[in-house]
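# sequence first, predicted model second:
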Amino acid sequence: MIVLRYRMPGGDRALPVSDALAAMKMACDSSDAWNLNPNDVGVMGSSAGGHLASTIATRAMPESRPNFQILFYPVITMDKTYTHAGSRDNFLGKDAPVELEMEYSNEKQVTRDTPRAFIVHCGDDKVVSPANAVNYYLALNRNNVPASLHIYPSGGHGWGFREGFLYRNEMLDELTAWLCSFEAPREDVTRAACTGNNITRGSGIKELKLPLARSSRPALFEKHRTTLIYIDPDEKEVVRTAVSILQKDVLAVFDACLQLTANKDEARVIVSSSTGLQGAWEAFQLNVRDNKLFVSGSDARGKAYGILEVSRQIGVSPWEWWADARPWKRESCSLSEIEETSGAPSVQYRGIFLNDEDWGLLPWASGKFEYQLRDSPGLSSNKRWKGAIGPGAYEKIFELLLRLRANAIWPAMHECTAPFYFVEGNREMAARYGIAVGSSHCEPLARNSASEWDVAGKGDYNFVANSQNVLDYWAERLQELQHSENIFTIGMRGKHDGMMQGVKTIEEHEEALSRVIPAQQALLDKYIKREAPLVFIPYKEVLEVYDNGLEIPDQATLVWCDDNYGYIRRLSNDKEQRRGGGAGVYYHASYWGARTIISGWLPRLPR
């Protein structure tokens, strides 16, 4: 990448234009010394720099014209109705005639000889209207010029390559795939792009490593060829699952085969533990050395994330199935195209709650995927549920979570849906994808009491008056989960989204929960026999009980909730921030309720 610090126009448009043309000429004239292909030099610019880049692309003579253009939130037009006024005044002068405005409105200068373009903008850009990008794309399309337009829903203006841009990874994936979609005329040279000083003044450019250059390093994946990958024979199931996903992706992108081998020496890809990551949580590293790709992880999920980072780098989106985001076909990928990187989560457990599944997810999953209720008394012939979300549907959900580096789920739990653990294969599917199964605020110790109590419970779901039957009911589930990975909710509410039975006042409620929680801990000690993550969720009326002085085990995570209108009710104070279990957030991205039917909102915190 060649960075040009061009002169600002100040009303003299010849200054930046001549600088850009000189940079193009220098890159081509120096192609031998710099190992560049003079027929594969592009131009890249953002904002006002995007106008300069598109000006060169549409107006330069053939010998100076770039071979491709990459435009970030570009100013394209000089039309007063939607141009960026400051860019127009600086480039043309404040009193420029209409004829000059038309001449430098680059959407009007596109011809069939204009080079192909990759254009990125954000729909909420208040500085440069997205209409600039859209109209330029339409002009390119009308002239049969290959172009790719990406409008992201948020991000504003001026994000460049910064890590803080929400869609940075998706943008880089799309840009990489686009650049790889057309071949350079020669394979032994580096593809170059000249970029102006308005690309956030070089911010993040050093960290950007697009797989553009051809290399003498051997191919990692190549069309109709086989690549060997080694994993330890005793590796955990989630690592094997990640390998199977990568195998599927390599076939989709390269029509190639990724094959497991027991011979570590002959493998091109080696998955292993790393002493350098020892003690970290779900961390991974990718390193290339000795013509091999080493995928290291601190634990099983870390290795899985590292394997699927390879998938992302070859151009496969985590949403490839759910959003029909099919990857671009490629001929090959060399080891030099793999970005050596590392990653580790800042939040220990990250996942989703499949809530309000009644109208969409449940009928879709029940209709598309077969399922079978467990062969237990009262289940096989039970007609109380409209359907179930079984292992076929959960496999698609879990694969998405694994690709997104999420590791937890609260399964669907409304009364219309057969409970998660009542469906054959659900628990095993979660284990296959390394997903820790938790449960919501009204499902203590992994029991969905909205549905399960009426099938497996005895008497009233009332700990105050029926404690032994309630304890037996919880114990039955814990015996099933001795070898599963779970996040256990402690405390107790009503059978579904209601107040705990048998209490009337806050004091009675606090006294009852003060007996419930130690009893639950005793059951966990008896049946799970290992330290499992615990969460306490002070939702609705339970927050008042907690604030009244209810004692919670130090190792339990406090999961703060919103008020069902999008506002977080409470966050950890100084004392709570020192707790061993830390804190989390349970937030409704949307909510069904009597007063808020299908409401959606952005996260909001109290001031």
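Sure thing, it's come through.

# going forward, measure contacts and count neighbours with C-alpha atoms only.
Will do.

# list the strands paired with the lengthiest strand in the chain, with their directions.
Of all the segments assigned as strand in the chain under DSSP state E, the longest by residue count is strand 36-46. Sheet pairing of strand 36-46 (DSSP bridges) gives strand 68-72 (parallel), strand 190-196 (parallel).

# worst average pLDDT in these?
Of all the strands paired with strand 36-46, mean pLDDT reaches its minimum on strand 190-196 (a mean of 54).

# could you identify the helix or strand that succeeds it?
strand 219-222 (DSSP states H and E).

# that's a helix at Val317, yeah?
That one is not Val; residue 317 is Ser. No - applying DSSP: H, G, I helix; E, B strand; the rest coil, one finds Ser317 to be coil, outside a helix.

# now the helices: where do they sit in the stretch 151-300 of the chain?
Under the criterion DSSP state H, counting those that start in this stretch, the stretch 151-300 of the chain contains helices at 168-180, 237-254, 300-313.

# give me the residues contacting the first one.
Pointing back at helix 168-180 there. For helix 168-180, the external contacting residues (CA atoms under 8 Å, 6 or more residues apart in numbering) are 118, 120, 148, 161-162, 210-212, 312-313, 315-317, 327-328, 330.

# try the longest one
With contacts defined as CA under 8 Å, 6+ apart, helix 237-254 is touched by 221-224, 256-259, 300-301, 303-305, 307-308, 310-311, 314-316, 327-332, 431-434.

# pull out the buried positions in that helix.
For helix 237-254, the neighbour count (16 or more other CA atoms under 10 Å) marks 237-254 as buried.

# now do stretch 564-575
Buried, per 16+ other CA under 10 Å, within stretch 564-575: 564-571.

# can you tell me the SS state at the residue nearest to Leu354 when sequence neighbours are not counted?
Spatial nearest neighbour of Leu354, excluding adjacent residues (CA to CA, 6 or more residues apart in numbering): Ala412 at 4.7 Å. What three-state DSSP gives for Ala412 is coil.

# and Ala412, how many residues sit next to it?
Counted by other CA atoms under 10 Å, the residues lying close to Ala412 total 24.

# ok, it touching Asn355?
Yes - Ala412 is in contact with Asn355 according to CA atoms under 8 Å; the separation is 5.6 Å.

# contacting residues for Ser342?
283-286.

# again, only using 6 Å
Neighbour list for Ser342: 284-285 [criterion: CA atoms under 6 Å, 6 or more residues apart in numbering].

# which ChimeraX command selects the buried ones in the contacts of helix 168-180?
The following ChimeraX line selects those of the contacts of helix 168-180 that are buried, judged by 16+ other CA under 10 Å:
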select :118,120,148,161,210,211,212,312,313,315,316,317,327,328,330
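
# looking at the contacts of helix 168-180, which one is closest to Asp497?
Ser317 (36.4 Å; CA to CA).

# can you give me the neighbour number for Thr341?
For Thr341, using other CA under 10 Å, the count is 12.

# for the spatially closest residue to it that is not a sequence neighbour, give its distance to Leu175.
Leaving aside its chain neighbours, Thr341 sits nearest to Leu286 (5.3 Å; criterion: CA to CA, 6+ apart). Between Leu286 and Leu175 the distance is 21 Å, computed by CA to CA, to the nearest Å.

# tell me which two in the contacts of helix 168-180 are the farthest apart.
Arg162 and Arg330 (27.3 Å).

# residue for residue, what is the longest helix this protein has?
Scanning the chain for the longest helix, with DSSP state H as the assignment, gives helix 506-527.

# contacts for that one, please.
By CA under 6 Å, 6+ apart, helix 506-527 touches 479, 491, 503, 545, 550.

# let's go with 8 Å and repeat that
Outside of helix 506-527, the residues that reach it under the criterion CA under 8 Å, 6+ apart are 445, 463-464, 471, 475, 478-479, 482, 490-492, 500, 503, 544-546, 548-552.

# can you check stretch 122-130 too?
47, 73-75, 82-84, 121, 151-157.

# these, buried ones only, as a ChimeraX selection?
Of the contacts of stretch 122-130, the buried ones can be selected in ChimeraX as follows, counting by 16+ other CA under 10 Å:
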select :47,73,74,75,83,84,121,151,152,155,156,157
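
# which one of the helices of the stretch 151-300 of the chain lies closest to Lys368?
helix 237-254 (21.4 Å).

# next, the angle from the closest one to helix 300-313.
With axes from the mean of the first three to the mean of the last three CA atoms, to 10 degrees defining the directions, helix 237-254 sits at 10 degrees from helix 300-313.

# quick check: mean pLDDT of the longest strand of the chain?
86.

# ditto for stretch 371-387
72.

# start to end distance for that stretch?
9 Å.

# try stretch 496-508
OK, stretch 496-508 end separation, CA to CA: 20 Å.

# pull out the buried positions in that stretch.
496, 499-503.

# could you dump those into JSON lines and include pLDDT, secondary structure and distance to Val423?
As requested, the buried residues of stretch 496-508 are exported to JSON lines (pLDDT from 0 to 100; DSSP: H, G, I helix; E, B strand; the rest coil; distance: CA to CA, whole Å):
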{"residue": "His496", "pLDDT": "83", "secondary structure": "coil", "distance to Val423": "20"}
{"residue": "Met499", "pLDDT": "94", "secondary structure": "coil", "distance to Val423": "28"}
{"residue": "Met500", "pLDDT": "95", "secondary structure": "coil", "distance to Val423": "27"}
{"residue": "Gln501", "pLDDT": "95", "secondary structure": "coil", "distance to Val423": "28"}
{"residue": "Gly502", "pLDDT": "95", "secondary structure": "coil", "distance to Val423": "31"}
{"residue": "Val503", "pLDDT": "96", "secondary structure": "coil", "distance to Val423": "33"}
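
# got the contact list for the most centrally placed residue in the chain?
When CA atoms, centre = their mean is applied to the chain, the residue found nearest the centroid is Leu404 (4.4 Å). By CA under 8 Å, 6+ apart, the contact list for Leu404 reads Pro318.

# one step back: just the buried members of the contacts of helix 237-254?
Applying 16+ other CA under 10 Å to the contacts of helix 237-254 flags 221-223, 256-258, 300-301, 303-305, 307-308, 310-311, 314-316, 327-330, 332, 431-434 as buried.

# the stretch 51-200 of the chain: strands as residue ranges?
68-72, 116-122, 147-152, 190-196 (DSSP state E, counting those that start in this stretch).

# what angle do the shortest one and strand 116-122 make?
To tie it back to what came earlier, the one meant is strand 68-72. In terms of direction (the same axes, to 10 degrees), strand 68-72 departs from strand 116-122 by 0 degrees.

# what does strand 68-72 contact?
40-47, 50, 53-54, 57, 115-121, 160, 199.

# pull the number of nearby residues for the closest residue to Trp474 other than its chain neighbours.
Among residues not flanking Trp474 along the chain, Leu445 sits closest, at 6.3 Å (CA to CA, 6+ apart). Neighbourhood size, Leu445 [other CA under 10 Å]: 26.
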